[in-house]
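Participant: how would this look folded up:
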Amino acid sequence: MARYPRSELEEMVRRWLELNRRCEERLEWLQMAEMYTEEATYGWNVGPNDEFMAVGRAEIRQYALGSEMAGLGGWSYPYQRVLIDDVQGEVLGLWKQVADATRADGSHYEVAGLGGSWFRYGGNYRWAWQRDFFDVGNATATFLEMMSAGALTPGMQQRLERAAGGERLPGHYRLGEAPVGLWDGGGPSTD
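Facilitator: Numbers count the residues shown, from 1 in each chain. You can find the predicted model right below:
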(Lines give C-alpha, C1' and ligand atoms only; values in the text may rest on other atoms or scores of the structure.)
Protein backbone atom coordinates (compact mmCIF):
# COMPACT_ATOMS: atom_id res chain seq x y z
CA MET A 1 0.00 0.00 0.00
CA ALA A 2 1.36 3.42 -0.96
CA ARG A 3 2.31 5.76 1.86
CA TYR A 4 1.26 8.79 -0.19
CA PRO A 5 -0.63 8.91 -3.47
CA ARG A 6 1.80 8.85 -6.38
CA SER A 7 0.00 11.83 -7.91
CA GLU A 8 0.76 13.86 -4.76
CA LEU A 9 4.45 12.95 -4.87
CA GLU A 10 4.58 13.78 -8.59
CA GLU A 11 3.00 17.17 -7.87
CA MET A 12 5.53 17.75 -5.06
CA VAL A 13 8.39 17.05 -7.47
CA ARG A 14 6.85 19.34 -10.10
CA ARG A 15 6.55 22.18 -7.56
CA TRP A 16 10.10 21.57 -6.30
CA LEU A 17 11.65 21.61 -9.76
CA GLU A 18 9.71 24.72 -10.76
CA LEU A 19 10.74 26.64 -7.64
CA ASN A 20 14.33 25.43 -8.05
CA ARG A 21 14.36 26.80 -11.63
CA ARG A 22 12.96 30.17 -10.52
CA CYS A 23 15.48 30.45 -7.68
CA GLU A 24 18.37 29.68 -10.04
CA GLU A 25 17.17 32.46 -12.36
CA ARG A 26 16.92 34.98 -9.49
CA LEU A 27 20.19 33.82 -7.88
CA GLU A 28 18.28 33.59 -4.58
CA TRP A 29 17.60 30.30 -2.81
CA LEU A 30 15.97 31.25 0.51
CA GLN A 31 12.39 30.87 -0.76
CA MET A 32 12.99 27.13 -1.09
CA ALA A 33 12.89 26.84 2.73
CA GLU A 34 9.10 26.94 2.54
CA MET A 35 9.24 23.54 0.81
CA TYR A 36 10.34 21.88 4.10
CA THR A 37 8.41 20.91 7.20
CA GLU A 38 9.15 22.95 10.31
CA GLU A 39 11.24 20.13 11.84
CA ALA A 40 12.94 18.89 8.62
CA THR A 41 16.60 17.94 8.50
CA TYR A 42 18.94 18.49 5.57
CA GLY A 43 22.51 17.25 5.41
CA TRP A 44 25.40 15.92 3.36
CA ASN A 45 28.88 14.52 3.75
CA VAL A 46 31.83 16.83 3.11
CA GLY A 47 34.64 14.29 2.88
CA PRO A 48 36.30 11.90 5.33
CA ASN A 49 36.23 14.24 8.33
CA ASP A 50 33.27 16.57 8.01
CA GLU A 51 29.54 16.72 7.41
CA PHE A 52 26.89 19.37 7.13
CA MET A 53 23.54 19.26 8.93
CA ALA A 54 20.73 21.81 9.20
CA VAL A 55 18.00 20.96 11.71
CA GLY A 56 14.64 22.67 11.23
CA ARG A 57 13.32 25.00 8.57
CA ALA A 58 15.07 28.05 10.09
CA GLU A 59 18.52 26.42 9.87
CA ILE A 60 17.76 25.07 6.40
CA ARG A 61 16.95 28.64 5.31
CA GLN A 62 19.92 30.24 7.08
CA TYR A 63 22.63 27.63 6.51
CA ALA A 64 21.76 25.20 3.68
CA LEU A 65 20.07 27.75 1.42
CA GLY A 66 21.80 30.85 2.78
CA SER A 67 25.46 30.53 3.73
CA GLU A 68 26.05 27.28 1.81
CA MET A 69 24.67 28.75 -1.42
CA ALA A 70 26.52 32.05 -0.96
CA GLY A 71 28.89 32.52 -3.87
CA LEU A 72 27.07 30.01 -6.07
CA GLY A 73 24.99 32.59 -7.91
CA GLY A 74 24.92 31.61 -11.55
CA TRP A 75 25.28 27.91 -10.84
CA SER A 76 22.49 25.62 -11.98
CA TYR A 77 21.57 22.16 -10.84
CA PRO A 78 19.64 20.62 -13.72
CA TYR A 79 17.93 17.43 -12.66
CA GLN A 80 18.70 14.55 -15.01
CA ARG A 81 16.45 11.90 -13.47
CA VAL A 82 13.84 11.75 -10.71
CA LEU A 83 12.77 8.45 -9.15
CA ILE A 84 9.66 8.31 -6.98
CA ASP A 85 8.98 5.61 -4.39
CA ASP A 86 5.35 6.08 -3.35
CA VAL A 87 5.49 3.10 -0.94
CA GLN A 88 8.14 4.72 1.25
CA GLY A 89 7.27 8.31 0.37
CA GLU A 90 10.77 8.99 -0.96
CA VAL A 91 12.21 10.70 -4.01
CA LEU A 92 15.67 10.51 -5.50
CA GLY A 93 16.75 13.31 -7.82
CA LEU A 94 20.00 13.11 -9.78
CA TRP A 95 21.46 16.44 -10.89
CA LYS A 96 24.50 18.13 -12.38
CA GLN A 97 26.38 21.10 -10.91
CA VAL A 98 27.06 23.59 -13.71
CA ALA A 99 28.55 27.07 -13.39
CA ASP A 100 27.64 29.94 -15.67
CA ALA A 101 31.37 30.77 -15.78
CA THR A 102 33.17 29.41 -18.83
CA ARG A 103 36.68 28.28 -19.65
CA ALA A 104 38.74 29.85 -22.43
CA ASP A 105 37.39 27.18 -24.82
CA GLY A 106 33.81 28.26 -24.03
CA SER A 107 32.84 25.17 -22.02
CA HIS A 108 31.10 25.66 -18.71
CA TYR A 109 32.77 24.63 -15.48
CA GLU A 110 30.93 21.56 -14.22
CA VAL A 111 31.52 19.23 -11.29
CA ALA A 112 32.21 15.77 -12.71
CA GLY A 113 30.39 12.72 -11.41
CA LEU A 114 26.91 12.27 -10.03
CA GLY A 115 25.13 14.68 -7.74
CA GLY A 116 21.85 13.99 -6.13
CA SER A 117 19.27 14.63 -3.46
CA TRP A 118 17.38 11.97 -1.55
CA PHE A 119 14.12 13.26 -0.09
CA ARG A 120 11.56 11.92 2.36
CA TYR A 121 8.14 13.44 1.88
CA GLY A 122 6.45 14.95 4.94
CA GLY A 123 3.00 15.62 3.46
CA ASN A 124 1.37 18.94 2.67
CA TYR A 125 3.82 19.47 -0.23
CA ARG A 126 6.87 19.70 2.02
CA TRP A 127 10.03 17.63 2.48
CA ALA A 128 10.70 16.23 5.97
CA TRP A 129 14.21 15.00 5.23
CA GLN A 130 16.86 15.64 2.58
CA ARG A 131 20.33 14.25 2.08
CA ASP A 132 22.55 15.39 -0.77
CA PHE A 133 25.48 13.54 -2.27
CA PHE A 134 28.15 14.64 -4.71
CA ASP A 135 31.76 13.87 -5.45
CA VAL A 136 33.67 16.08 -2.99
CA GLY A 137 36.98 15.43 -4.78
CA ASN A 138 35.57 16.52 -8.14
CA ALA A 139 33.88 19.56 -6.58
CA THR A 140 37.18 20.58 -4.98
CA ALA A 141 39.04 20.11 -8.26
CA THR A 142 36.49 22.26 -10.11
CA PHE A 143 36.68 25.06 -7.54
CA LEU A 144 40.51 24.96 -7.59
CA GLU A 145 40.49 25.13 -11.40
CA MET A 146 38.11 28.10 -11.24
CA MET A 147 40.22 29.78 -8.56
CA SER A 148 43.36 29.42 -10.70
CA ALA A 149 41.53 30.91 -13.68
CA GLY A 150 40.04 33.78 -11.65
CA ALA A 151 36.55 32.47 -12.45
CA LEU A 152 35.15 32.24 -8.91
CA THR A 153 32.60 34.74 -7.67
CA PRO A 154 33.93 36.96 -4.86
CA GLY A 155 31.53 35.26 -2.44
CA MET A 156 32.82 31.78 -3.28
CA GLN A 157 36.43 32.98 -3.17
CA GLN A 158 35.82 34.35 0.35
CA ARG A 159 34.07 31.17 1.46
CA LEU A 160 36.90 28.94 0.22
CA GLU A 161 39.47 31.15 1.91
CA ARG A 162 37.57 30.89 5.21
CA ALA A 163 37.39 27.11 4.93
CA ALA A 164 41.06 26.83 3.94
CA GLY A 165 41.92 28.88 7.03
CA GLY A 166 40.36 26.17 9.19
CA GLU A 167 37.18 28.06 10.07
CA ARG A 168 34.26 25.71 10.61
CA LEU A 169 31.32 27.25 8.78
CA PRO A 170 27.80 27.22 10.32
CA GLY A 171 26.16 23.81 10.10
CA HIS A 172 29.48 22.00 9.58
CA TYR A 173 30.50 19.35 12.09
CA ARG A 174 33.26 16.84 12.56
CA LEU A 175 32.18 13.45 11.26
CA GLY A 176 29.77 11.86 13.74
CA GLU A 177 29.22 15.03 15.81
CA ALA A 178 26.25 16.57 13.96
CA PRO A 179 23.04 16.91 16.00
CA VAL A 180 21.35 14.47 13.57
CA GLY A 181 23.19 11.69 11.77
CA LEU A 182 23.15 11.45 7.99
CA TRP A 183 21.10 8.25 8.14
CA ASP A 184 18.83 9.32 11.00
CA GLY A 185 15.18 9.78 10.13
CA GLY A 186 15.58 8.40 6.62
CA GLY A 187 13.09 5.62 7.00
CA PRO A 188 13.36 1.99 7.98
CA SER A 189 16.82 0.57 8.53
CA THR A 190 18.01 -2.15 6.19
CA ASP A 191 20.46 -3.53 8.79
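Participant: residue 65 contacts residue 28, correct?
Facilitator: No: checked against C-beta atoms under 8 Å, the pair residue 65 and residue 28 is beyond contact range at 9.1 Å. All C-beta atoms are positioned from the backbone trio N, CA, C, and that covers glycine.
Participant: what about the two, which has more around it?
Facilitator: residue 65 (22 against 13; other C-beta atoms under 10 Å).
Participant: give the contact list for that one.
Facilitator: 29, 30, 32, 33 (C-beta atoms under 8 Å, 6 or more residues apart in numbering).
Participant: next step: these restricted to strands.
Facilitator: Using DSSP state E, no member of the contacts of residue 65 falls within strands.
Participant: need the max-distance pair from these.
Facilitator: Pairwise distances across the contacts of residue 65 (C-beta to C-beta) peak at 8.4 Å, for the pair 29 and 33.
Participant: just to revisit the earlier point, need the contacts of residue 65 in JSON lines (columns: distance to residue 178 and pLDDT).
Facilitator: Formatted as JSON lines, the contacts of residue 65 follow (distance: C-beta to C-beta, whole Å; pLDDT from 0 to 100):
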{"residue": "29", "distance to residue 178": "21", "pLDDT": "93"}
{"residue": "30", "distance to residue 178": "22", "pLDDT": "96"}
{"residue": "32", "distance to residue 178": "21", "pLDDT": "97"}
{"residue": "33", "distance to residue 178": "19", "pLDDT": "98"}
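Participant: residue 41 touches residue 184, doesn't it?
Facilitator: Yes: assessed by C-beta under 8 Å, residue 41 is found in contact with residue 184 at 7.5 Å.
Participant: of those two, who's got more company?
Facilitator: Comparing residue 41 with residue 184 by other C-beta under 10 Å, the one with more neighbours is residue 41, at 27 against 13.
Participant: and that one, what is it in contact with?
Facilitator: 53, 54, 55, 56, 128, 129, 130, 180, 184, 185.
Participant: so the fifth one versus residue 184, what's the distance?
Facilitator: Read that as residue 128. 12 Å (C-beta to C-beta, to the nearest Å).
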